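**Student:** From the sequence below, what's the structure:
(one chain, ligands or ions: 1)
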Amino acid sequence: MAALTRLLRSAVTSGSTARISLSTLASEPKTGFPAGLAARLAPSPARKGREDRNVQWVFLGCPGVGKGTYASRLSQLLGVPHIATGDLVREELASSGPLSLKLAEIVNQGKLVSDEIIVELLTKRLSKGEEKGESGFILDGFPRTVRQAEIIDGVMDIDLVVNLKLREDVLLEKCLGRRICNQCGKNFNLASIDAKGQNGQPDMYMPPLLPPSQCMPKLITRADDTEEVVKARFRIYNDKSLPVEEFYRRQGKLLEFDLPGGIPESWPKLLQVLSLDEHHEDKQLAAA
Ligand SMILES: [Zn+2]
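**Tutor:** Predicted coordinates for the structure are as follows:
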């Protein structure tokens, strides 16, 4: 994975719009090769034939759609790490590495974390996994921009991109129903969704995720879960993600998946479209 690390770094530094120079972030010296040449000289483990490694998948989806839940369940089923860039940023912030100071500054100023830093964090995570013998991954929250997609395209093969979609009215209701217990920190959802089917689709029912009685009086709503902010989040997401979806659609790797409801309806359907339903039953039998 050291080769992959170098490749990702050189791919990023060859970009013209680097806001923060990677040389200030990376302790290892950069290779002098252009990314394309380096790729030919040193095939990275992520370029291994599909039969020699585990799946390398990407999950796309609007905030609140439940992407993390499905990505995490699938990663357990397939035995690959679920790598969420949001978690990588939070972990780095909580650490005392040189990157954490830079990150704190960016986040405190309300700025977006640059592609360079995200790629750096992802590279670090993949190298660590490689050392532990991990193979394959499910990425969640990355790539977020076409530039990020191009960077990873230059150094590793993505097999499949799953685009999770949920009706926007239902998604909005779900986001507005989110609550956190200010004592134990657990997440709940008060939204009880019972939406009439649109365009020939069946009705959609999603029960609330209610807290135990001791948490009920301690529930708080996140400050950024107002209708205005949630809608703005959708708009920003759509603006950025549509080109990423198009990027993978052109490559024939995009799998559109309309969530038919909550986890009980959606999970078996998702396994079915991924041709994993037999695999799933095998595992259940093995566990029984
Ligand atoms: Zn609680």
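**Student:** rest of the way, CA atoms for contacts and neighbours
**Tutor:** Will do.
**Student:** Show me what the longest helix seen in the chain is packed against.
**Tutor:** Looking across the chain with DSSP state H, the single longest helix is helix 227-250. Helix 227-250 sits against helix 146-155, helix 168-176, with contacts defined as 3 or more Cα pairs under 8 Å, 6 or more residues apart in numbering; DSSP states H and E.
**Student:** can you tell me which of those helices the model trusts least?
**Tutor:** The minimum mean pLDDT among the helices and strands packed on helix 227-250 belongs to helix 146-155 (a mean of 89).
**Student:** mind saving the C-alpha coords of that helix as PDB?
**Tutor:** The C-alpha trace of helix 146-155 is given here as PDB (Å, rounded to 0.1, in the frame of the first residue of the first chain):
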ATOM      1  CA  VAL A 146     -15.500  14.900  -9.700                       C
ATOM      2  CA  ARG A 147     -11.900  15.900  -8.900                       C
ATOM      3  CA  GLN A 148     -11.800  13.400  -6.000                       C
ATOM      4  CA  ALA A 149     -13.300  10.700  -8.300                       C
ATOM      5  CA  GLU A 150     -10.700  11.400 -10.900                       C
ATOM      6  CA  ILE A 151      -7.900  11.200  -8.300                       C
ATOM      7  CA  ILE A 152      -9.000   7.700  -7.100                       C
ATOM      8  CA  ASP A 153      -9.700   6.600 -10.600                       C
ATOM      9  CA  GLY A 154      -6.000   7.300 -11.400                       C
ATOM     10  CA  VAL A 155      -4.800   4.900  -8.700                       C
END
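**Student:** angle of the next helix or strand after that helix against helix 168-176?
**Tutor:** On the C-terminal side of helix 146-155, the closest following helix or strand by DSSP states H and E is strand 160-165. Note on geometry: by axes from the mean of the first three to the mean of the last three Cα atoms, to 10 degrees, strand 160-165 and helix 168-176 are set 90 degrees apart in direction.
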